[in-house]
Structure formats: structure tokens, C-alpha cells
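Asker: curious how this folds, go ahead:
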Amino acid sequence: MAKIKKNDGWQNVLTGLNIMGRDKKMSTVAEYERMSQGDAESIYSIDKLAKKIVDRPVTEAFKKDPIFENGDDATFSESVRDKIITPLDYQNKFIQAAKWARLYGAGFLLFGIRDGRLPNEPVDFKNIRSVDWIQPLHRWELGYSEIGRDVSQPYYREPVIYTLNEAGGSPDEGVGFTVHRSRLVRIDGENLPDELFKLNGYYHDSVLNSLQNSLRNFSASHDSAASLLDDFAQAVFKIQNLGNLIAAGKDDQVIKRLQLIDATRSVVRGIVLDSEEDFDRKVTSLTGLDTILDKMGDKLVGESEFPHTVLLGEGSTGNLSGAGESETKQWNDFIKGLQMAWVRPSYLYGLKLLMSARTAPVKWTDKTDMSFPPLEEMSEEKQATINKTQAEADQIYIQNQVVSPDEIAVSRFGGDEMSLKTTIDVEERQENLENDEDEDVTLPEVTPEPTPETVQDEAEHYHDFDGTPSGGAVDDGEGGHYHEVIIDGETVRTDTALNSAYHAHTIEDAEKTGVSLEIKADESGLTAQDRTPPKGAINAAKKVLEWREKYPDEIRGMTSVGWGRAKQIASGRPLSLQTIKKMAQFARHLKNATISEENKATPWKDNGNVAVMGWGDRVGIEWAQKISEKAK
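Answerer: Numbering: from 1, shown residues only. Below is the predicted model of the structure:
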């Protein structure tokens, strides 16, 4: 007897298991089939579950408006929504393109950009004059005409130039209109492996393609169940000599007899039969039908990544509350993943195009970002518990001087609603520490010697009044001079001293200062006097701090960094060049400084006004711009 050859895996020579030609599974292979536009639209239009699978995740991702951030500007998010997104209906068009991405495999937003270049050339971000329109498109409306072959470029092995497949895609051109990838926001559908991606025309897939079989089986199983109910109970009549009557061609007698039986059911609510006739009712067994239907639903749920509750409107146990918190968390995690990995990159690129235009009222910066509010709607009881826990943690942080009460107050209540996110600018804190060290020794330490090196009478010099530098000498015309010093925001004049190499001044009854010191510029070419903010800036910062003390529950508009800056400016002490440059950069917010009509009587409620005043108001910001330009 020949020895049976055995390979890895299970084989059965009697049943044919895993033997080609005898086991049907051995001839079954997975094969990808591209979904056409018509197939996708037919399934989407006819099957409500398919429509839900396509649309619901996108709708949930934008259930709450995104939050836009740009450093420490508390009004930035609202400005972006009102002045950038709303005018061109950007968000609704993005939502449409995202739904098309899930339905067809890719969705696009085509931007009407005026930058002096042709549409099939890369966008010139530095010269975008305006963005005039946005048009949503889907994959069947755009075909590729050029693939990126340069591995160093961002669109390597992806379409770089697209061609519009139907008329009306451009205000000026129809069929044949070509556009560069950089002028599009592209949103992809279900990811395909690399080779299938190429075979599919360099597009990914519809989310419905891999679900076709499960959707078909689910629908067919329920249709079959409905048919079973129609035939659930069948009446059975036993008529004597039925076969002979039919053979003799007396069908009319049979039909007449059945009609008579049916008539008696209506008249006497019973059935009148001959003594040799019989009537019975046969019931179709439905045992296990509910289990089969549940299994079909479970398979669809598993493949679609939707929780039972969301997709089928019931918990996995067959009731609305069966899903519990686990399915809610699963769904929220799924949507959160879509928001961050799928929505955010494409949405931000579209914003960059809109906000880079010269006509854009809100400008794009490297700090521009977006996030999404929490998806879960918590009960008041649960929210109160979380707030209490956070408050206890905040108290520990404050007691250990990890954060300040001001930082906690602004982080928690600086926006439209309470936030658990604690905002701390680590870079700013480091700068403040360095500034504190510098400000403790604002002037060079001078130790008088028996014959100190001092300046001559006619030389420029200043004095140190408890860490605050005076201005230069002012000639009184009588052989003496005095100085002016800014203390607590007020300019104070010293007494007059004779011009001499070694002398001192007093301010009212204050102690005398040390030797006169020559005014020296730092490496940037600025003196301490140059770096001292003007009186108007100091007063503005003081006013904001006063409002904060007086109206703690009403004043908004600044983060912890902003409040720290207000305190620096209000002190009247010299600022570092780095701080002055940050003040100069704040000029972009001057457009928000005008107090709105509803806040004319309560200016501390106007977020834009508060933010600008906290940074020294217009006079301080313009001063910072001049000093920044003056610095080497």
C-alpha cells in the first residue's frame, strides 16, 4: 500500500477535507471587485442602513462645532467661524465632501484661488489674493492626469494633476479643466492596499463595498422572515375522491365546494363539512428564526464597526438599554478617531488656504490648530463629581505653587464654558524666570572704591532707585541737573544735584542712590530706559488688572500668559527684548480692540478690548514695534 503523503494542515482522505477538487473551500478565493458609481448610489438610495453607515459618522464628527486655537487669543475660534468658515459655507461643504468620500471612495473641495498662477500649477501661499469660491466634488468627477514620481515631494505616488470629468467645474472652463492637487482638499474613503489603490484609479474604496454581502444577507433574511409570516398557517382540506374529481374534469365542483366552505366561515363562523371530509391547519415552525436574524445583524454590526444600538436602534441584548456604557464608549472612541486622524488634517489644510489670502480677516499662523469638544453628554451629577475632583486637584497644585490661582481661573472659566484643560505656557514661564533674575539686578552692580571710576559731569548717566533705572540727566540751567523716574506708572522728578563725578539724588524722602552710572546699551543696542514701557501702556495694563479684581466673574479675553504680561507691563519696569517683540506681534489683534456696541457701558466684557489693553493697548503695542525695529 502506497504511503500517504502528509503536508502541514488538516487533511482527510475519506471526506476530502482540504483536498483540491473534493473540498469546495479549496476553490474559494477572495477577489476584489470595484464598486461602480451606479452600484454605490443604488445601495445608498434604497437601503437605509447603508445610508446610515455612510452619513452617520460624518454627522457625529461635526455634532459640535470644532474649536480653533492660535496661542493665547481667546477670541480666535469665534473669529474663524464668523469670518472665515461662514462666508463661503466651508464646513457644510466639507461635510458633503466627507460623505461622498465614504460613499464613493474620495471626496474633494476645489478652491477658487487667485494667486496669479494657472489652476494646474502649485498654489503660491505667499501670493494668494483671495479665495472666491469652494466647490465639493467626488471621485467620479475628477480623474488623474499626472502621478507624482519624485520621492522627495509631498504627493509621491499620488495624483498631482486632476482633470474634471464633467462640465461646470470651473467658472471659465468645462471638460478638460485641470487642477493641481495643492488647490484641492482631498478626503479618502476606506483604505485599500497599494496595488488595489492603483487599480482603482488611485482612489480608495467606498465603505459600502466590503459590506455589500452583509447588507444583502441582512435584508434578504428579513424579507424571507416576512414571507414566512405570510404563510405562517396554511388551511388543509381533505375532500373525498378529490383526485377522481380532478381527473374527470370536475374542477368546478372542487372550487365550488371550497367557496362554500369559505362562505360558511363568514356566516356561521365555523366550517361545515361532509362526514367524510376533514379540515386542519398546518403551522410553519419559526423556532430559531430570531437567532438567525440576530446573527445576521451581529455580522453586519461587526463588519461596519457600528455599535448595535447606533446601527440597528437596539442593544445587542435586544433592548434599547442593552448596550450600556461600553458601546457608548466604543462609538465615541470610533468618532474621536475619525475626527483626529481623518477630519482634522484635511479640514486644517482647507483653513490654511482660506486664511492665507490677503483679504482674509483672520490670518493663518504656525500655531493655528483645531480640536473637538467632548462627544459624551454627561449628566449633571457626573459633571459635578468631575468638577469636584478637578477642584481638589487644582487646590493641591496651587498650594504647592505648581500653578497660580490666576492660571486656574482663566483655564477653567476663561472661555464660554468651563474647561478641564489647564493652559500653561512653559516657554513664557521660563522667560519670566529669566526676566525676574534680570530685573532683580537690572543695573550693573557697583561697589564704590576709594577712587571710583565715575563719569564726567557732561557724560550721560542714570541712577538706580531700588531696582528702577532713572532717565538721563536733565540740565536745570544753573550748574545742576535732575532725573525723571517712572515709579508705579507715574513719572517722578528727583531733586537737583550739582554736576559732579560722584553724586546722588533723592526722590522726596527716599534714600539716596549710589554713584552715577553711565548709560550703557545692551547687545541689542537698547538701554534700560528704551525698554521701559510708556505711561499709556502701563495705565492700560493697570486698568485691566483693576477690572479683574472688580469684576472677576465677568471679565474674559486673556489666558494666563496674557495676565502675566499685563502684570509685567503694569510694573513699569524695563522689559526684555523678547517680551517687547511678543508685544509687537500682538499687533495682529488690534482689529479686535474696538468695543462692541453692546459693551460700550461695560468695556470689561468685550474680550477683544480686554486682550489688547492687557498687552499695553495700542500705544504699548506700537511702542513695542518701534523698539523691535530699533534693536540690532
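
Asker: any idea which element the spatially closest residue to residue 142 that is not a sequence neighbour lies in?
Answerer: Once flanking residues are discounted, residue 142 sits nearest to residue 162: 4.5 Å by Cβ to Cβ, 6 or more residues apart in numbering. All C-beta spots, glycine's among them, are computed from the backbone N, C-alpha and C. Taking DSSP states H and E as the definition, residue 162 sits inside strand 159-164.

Asker: do residue 108 as well
Answerer: strand 106-114.

Asker: model confidence over the next helix-or-strand element following that strand, on average?
Answerer: Using DSSP H and E, the next helix or strand after strand 106-114 towards the C-terminus is strand 130-138. Mean per-residue pLDDT for strand 130-138: 95.

Asker: what's next to strand 130-138, contact-wise?
Answerer: 88-90, 93, 96-97, 100-101, 103-104, 106-114, 164, 169, 171, 350, 353-354, 357-360 (Cβ atoms under 8 Å, 6 or more residues apart in numbering).

Asker: what sits against the residue nearest the centre of the chain?
Answerer: Centroid-nearest residue in the chain: residue 371, 3.2 Å away (criterion: Cα atoms, centre = their mean). By Cβ under 8 Å, 6+ apart, the residues touching residue 371 are 66, 67, 69.

Asker: take those and write them to a markdown table, including secondary structure, pLDDT and neighbour count.
Answerer: Shown next, in a markdown table, are those (DSSP: H, G, I helix; E, B strand; the rest coil; pLDDT from 0 to 100; neighbours: other Cβ atoms under 10 Å):
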| residue | secondary structure | pLDDT | neighbour count |
| --- | --- | --- | --- |
| 66 | coil | 94 | 22 |
| 67 | strand | 93 | 17 |
| 69 | strand | 90 | 17 |
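
Asker: which element follows the helix or strand containing residue 79 toward the C-terminus?
Answerer: Per DSSP H and E, residue 79 falls inside helix 76-80. Where DSSP H and E defines the elements, the next helix or strand beyond helix 76-80 is helix 90-104.

Asker: so how far is that following helix from its chain's centroid?
Answerer: Here helix 90-104 shows a centroid-to-chain-centroid distance of 16 Å under the convention Cα atoms, centre = their mean, to the nearest Å.

Asker: which strands and helices lie in contact with whichever helix or strand comes after the strand holding residue 162?
Answerer: Elements were assigned by DSSP H and E; along the chain past strand 159-164, the next helix or strand is strand 178-180. On a contact count with 3 or more Cβ pairs under 8 Å, 6 or more residues apart in numbering; DSSP states H and E, strand 178-180 meets strand 159-164.

Asker: what angle do the strand it packs on and strand 130-138 make?
Answerer: 80 degrees (axes from the mean of the first three to the mean of the last three Cα atoms, to 10 degrees).

Asker: hmm, residue 63 is touching residue 377, no?
Answerer: No: taking contacts as Cβ atoms under 8 Å, residue 63 lies outside contact range of residue 377: 9.8 Å.

Asker: check the gap between the closest residue to residue 615 other than its chain neighbours and residue 508 for me.
Answerer: Closest residue to residue 615 in three dimensions, ignoring its sequence neighbours and counting by Cβ to Cβ, 6+ apart: residue 586, at 4.7 Å. Residue 586 is 36 Å from residue 508, where distance means Cβ to Cβ, to the nearest Å.

Asker: of the two, which one has the most company?
Answerer: residue 586 (23 against 8; other Cβ atoms under 10 Å).

Asker: measure that one to residue 631 for me?
Answerer: Applying Cβ to Cβ to residue 586 and residue 631 gives a distance of 17 Å.

Asker: could you do residue 82 as well?
Answerer: 36 Å.

Asker: of these two, who's got more company?
Answerer: Neighbours were counted for residue 82 and for residue 631 using other Cβ under 10 Å; residue 631 has more, 17 against 13.

Asker: nearest residue to the more buried one in space, please, no chain neighbours.
Answerer: Closest to residue 631 by Cβ to Cβ, 6+ apart is residue 524, at 4.2 Å.

Asker: can you pull the pLDDT of that neighbour?
Answerer: 79.

Asker: how many neighbours does it have?
Answerer: 16.

Asker: residue 623 and residue 535 touch, don't they?
Answerer: No: the criterion here is Cβ under 8 Å, and residue 623 misses it with residue 535 at 10.3 Å.

Asker: of these two, who's got more company?
Answerer: More neighbours surround residue 623 than the other of residue 623 and residue 535, with 20 against 15 (other Cβ under 10 Å).

Asker: and the more buried one, its phi and psi?
Answerer: phi -60, psi -40 (degrees, to the nearest 10).

Asker: cool, and residue 397?
Answerer: The phi/psi pair for residue 397 (degrees, to the nearest 10) is phi -60, psi -40.

Asker: count the residues that sit near it.
Answerer: The number of residues packed near residue 397 is 16, by other Cβ under 10 Å.

Asker: so how far is residue 405 from it?
Answerer: 10 Å.

Asker: got it, and residue 361?
Answerer: 35 Å.

Asker: thinking again about what came up before, can I get the contacts of residue 371 in JSON lines with distance to residue 478?
Answerer: JSON lines is the format used below for the contacts of residue 371 (distance: Cβ to Cβ, whole Å):
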{"residue": "66", "distance to residue 478": "69"}
{"residue": "67", "distance to residue 478": "65"}
{"residue": "69", "distance to residue 478": "60"}
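
Asker: and the helices in the stretch 201-350 of the chain?
Answerer: Along the stretch 201-350 of the chain, the stretches classed as helices by DSSP state H, counting those that start in this stretch are 212-230, 242-247, 251-267, 289-304, 308-312, 324-338, 344-355.

Asker: mind listing what residue 199 touches?
Answerer: 32, 34.

Asker: what sits closest to residue 217 if chain neighbours are left out?
Answerer: residue 296 (5.6 Å).

Asker: residues contacting that neighbour?
Answerer: Residue 296 neighbours (Cβ under 8 Å, 6+ apart): 214, 217, 218, 221, 222.

Asker: thinking the fourth one is in contact with residue 290, fair?
Answerer: No: in this structure residue 221 lies outside contact range of residue 290 using Cβ under 8 Å: 11.1 Å.

Asker: more neighbours, these two?
Answerer: Ranked by neighbour count (other Cβ under 10 Å), residue 221 and residue 290 place residue 221 first, with 16 against 11.

Asker: tell me the helix or strand right after the worst-scoring helix or strand of the chain on mean pLDDT.
Answerer: Lowest mean confidence among the helices and strands of the chain (mean pLDDT, DSSP states H and E): helix 426-440, at a mean of 52. Where DSSP H and E defines the elements, the next helix or strand beyond helix 426-440 is strand 461-462.

Asker: for that next one, name the packing helices and strands.
Answerer: With contacts defined as 3+ Cβ pairs under 8 Å, 6+ apart, strand 461-462 has these neighbours: strand 517-518.

Asker: any idea which residue of the protein is furthest from its center?
Answerer: Outermost residue of the chain (Cα atoms, centre = their mean): residue 248, 82.2 Å.
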